[in-house]
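Peer 1: Have a look at this fold, sequence not included:
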């Protein structure tokens, strides 16, 4: 049974969502205070989070950004803000989808099912392709061939392998590979990606590709 965390301070909305999700065989938990979310997620490891933006204590955008430092759990933002900038920001900080209020509970259930179904497909593909990464030894292999990677290339490959199909902005990738606050340009990321692609091609990694998303950044894809 998949476990869905609902983070919503409007009790009636939260209860309605719980009723619909439980009727569709999901286990649910509910939090109304933004300050409680990070510790709860670390302890309970839910399968998906429905996260409202306007919350007491800490807003949903801050929570989403904080969660992405330690978990890749799917996050669907719930928002009454209809301005385009809020929608874009919600996705840029690591959210997987958003739903605007007012919404029907049935719509939410459909979106939850679709998100979890896509995740299951991605994980199945990920388990079947021959790319393996050992974070303890910093060794990446494709089949029986070892890739000769720099530490930055290893971090990038590990990230893309963990989250295929997720689009990463260049700023997100820079934050991931450089945690010492150094100032580097977007061209640095482009160069690392270019070199990583060459090394994947050299070992014949046809099932695993890293593609550009125009005007945004990069994503990986695992073909069946």
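Peer 2: Ah, there it is. The shown structure was predicted, so the numbers you read here are calculated from the model rather than taken from an experiment. Numbering: from 1, shown residues only.
Peer 1: All the helices of the protein, in order from the start?
Peer 2: Under the criterion DSSP state H, the chain carries helices at the ranges 11-23, 37-44, 60-67, 84-92, 105-128, 151-162, 170-177, 186-202.
Peer 1: Mind listing what's buried along the first one?
Peer 2: Across helix 11-23, burial judged by 16 or more other CB atoms under 10 Å covers 13-14, 16-18, 20-21. From N, CA and C alone the C-beta is placed, and that goes for glycine too.
Peer 1: hmm, who's touching that helix?
Peer 2: Helix 11-23 is contacted by residues 4, 6, 8, 28, 30, 32, 50, 105-106, 108-109, 112 when judged by CB atoms under 8 Å, 6 or more residues apart in numbering.
Peer 1: now do the longest one
Peer 2: Helix 105-128 has contacts (CB under 8 Å, 6+ apart) with 2, 4, 16-17, 19-21, 24, 26, 47-48, 50, 74, 76, 96-97, 99, 161, 164-165, 222-224.
Peer 1: how does it look with 6 Å?
Peer 2: Residues outside helix 105-128 that contact it (CB atoms under 6 Å, 6 or more residues apart in numbering): 2, 16-17, 20, 24, 74, 164-165, 222, 224.
Peer 1: what do you get for the last one?
Peer 2: Here helix 186-202 makes contact (CB under 6 Å, 6+ apart) with 147, 152-153, 156, 170, 173, 210, 218.
Peer 1: possible to save those residues as CSV with distance to residue 188?
Peer 2: Shown next, in CSV, are the contacts of helix 186-202 (distance: CB to CB, whole Å):
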residue, distance to residue 188
147, 20
152, 9
153, 12
156, 11
170, 9
173, 9
210, 16
218, 13
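Peer 1: which one of the residues you listed is nearest residue 58?
Peer 2: When the contacts of helix 186-202 are ranked by distance to residue 58 (CB to CB), residue 173 comes first, at 25.4 Å.
Peer 1: what about the nearest residue to that closest one once chain neighbours are set aside, how many residues close to it?
Peer 2: Excluding the flanking residues, the one nearest residue 173 by CB to CB, 6 or more residues apart in numbering is residue 189, at 5.1 Å. The number of residues packed near residue 189 is 24, by other CB atoms under 10 Å.
Peer 1: tell me the contacts of residue 76?
Peer 2: 50, 97.
Peer 1: Skipping its backbone neighbours, what lies nearest residue 139 in space?
Peer 2: Of all residues not flanking residue 139 in the chain, residue 146 sits nearest, at 6.3 Å (CB to CB, 6+ apart).
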